[in-house]
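Student: show me the folded form of this:
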Amino acid sequence: MANSNQAPLRVYAPASMGNVGVGFDLLGAALAPVDGSLLGDIVTISQITSGVEFEQVGPWAHKLPDDLQQNIVYQCAVFFLDKLKRQDGVKLTLQKNLPVGSGLGSSASSVVAALYALNEHFGLPYDQQALLLLMGEFEGQISGSVHYDNVAPCYLGGMQLMLNTTKQACAAIPSFKNWYWVVAYPGISLSTAKMRALLPQQYDKAVAIDFGRYLSAFVHASYQQDEKLAIEVLKDVLAEPYRAVAIPGYLAAREALAEQGMLTTGISGSGPTLFSVTDSLTKAEQAKLWLEQHYVTEQGGFVHVCKLDEQGTRRV
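Tutor: The predicted structure follows:
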């Protein structure tokens, strides 16, 4: 049954870091700027007589396809109405706040906000697990393959470990509440598919063992709340060695942030956004200032000091 409330329903879906360095395709985290600003896309939905009306607004709308029917949010709505065999229609507005190809889960944010809004509007026809699977399927149409390391934290919040079992797609793991995650987007766009193509088809056995060791140790450290161990093993042996040189200024920034006393630095998703971790707000603010001056190179670039967004997607 459609939402009979006359007021449009607004849904916010936060930005997310895929991989979180150590967990390629298997770990993701949602981001919440400490200044209270919303770093993510917003979808507004209201009822109309029939069909699907769609518009895209916001600071990054100009980077989306001019043909509105090519937008994934429009396609989500068409799919939803068809699946429910509904004759009534919906109007959706996407406020595109996340840059495309940023490594901040931009496509996931749009998909999650849209499907969450549609599900709420039509009286929750999908349960949480079914909706999550649908989100992964749609986001995969954009990024080239189905991965949940952005959609799961974006939808559910916090730090999520991908299980990909028949019973459960993902599970929340404990995070370090005193960590600050400084995220810096330089203003350039990098294709997820092209960044994935930089990776080798096969890995040496020793690298595979290191990947499993670091990820399992990080999960263990998270449950034990052992910060020192977590930082020690928060390493990316699968993607960063091949992607770092393709991100302008990343290697220099990583070195400079280490000199400033940041605990560790990595690539958010497939880049070009980087993340850097500290347990000191003072150091986080210093890193933010340095990154604004040295890493942000194009108009539209930004740096945020964040905690993890424990709420996930929600009405606003």
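Student: after the lengthiest helix in the chain, next one along is what?
Tutor: Ordering each helix of the chain by length in residues (DSSP state H) puts helix 205-224 first. Next in sequence after helix 205-224, counting helices and strands by DSSP states H and E, comes helix 227-233.
Student: and for the next helix or strand after that next one, what's in contact with it?
Tutor: Downstream of helix 227-233, the first helix or strand assigned by DSSP H and E is helix 240-243. With contact meaning C-beta atoms under 8 Å, 6 or more residues apart in numbering, helix 240-243 is reached by 21, 195, 198, 199, 200, 266, 267, 270, 271. Glycine gets a C-beta too; all of them are placed from N, C-alpha and C.
Student: buried ones in helix 240-243, by neighbour count?
Tutor: 240, 243 (16 or more other C-beta atoms under 10 Å).
Student: report the rounded mean pLDDT for it.
Tutor: For helix 240-243, mean pLDDT is 97.
Student: what is the subsequent helix or strand relative to it?
Tutor: helix 250-259.
Student: that next one packs against which elements?
Tutor: The contact analysis (3 or more C-beta pairs under 8 Å, 6 or more residues apart in numbering; DSSP states H and E) places helix 250-259 against strand 264-267, strand 274-278, helix 281-294.
Student: centre of the chain to that helix, how far?
Tutor: Computed by C-alpha atoms, centre = their mean, to the nearest Å, the chain-centroid distance of helix 250-259 equals 23 Å.
Student: so residue 250 makes contact with residue 271?
Tutor: Yes - look at residue 250 against residue 271 with C-beta atoms under 8 Å: they come within range, at 7.1 Å.
Student: name the residues that touch the lengthiest strand in the chain?
Tutor: Secondary structure of the chain per DSSP state E: the longest strand is strand 40-48. With contacts defined as C-beta under 8 Å, 6+ apart, strand 40-48 is touched by 2-3, 8-15, 58, 73, 88-98, 106, 109-110, 113-114, 116-118, 120-121, 154, 316.
Student: among the residues you listed, which lie within strands?
Tutor: 9-14, 89-95.
Student: what's the most distant pair in those?
Tutor: Spatial extent of the ones in strands among the contacts of strand 40-48 (C-beta to C-beta) is set by the pair 14 and 89 at 28.2 Å.
Student: surely residue 182 is within a strand?
Tutor: Yes - counting by DSSP: H, G, I helix; E, B strand; the rest coil, residue 182 is located in a strand.
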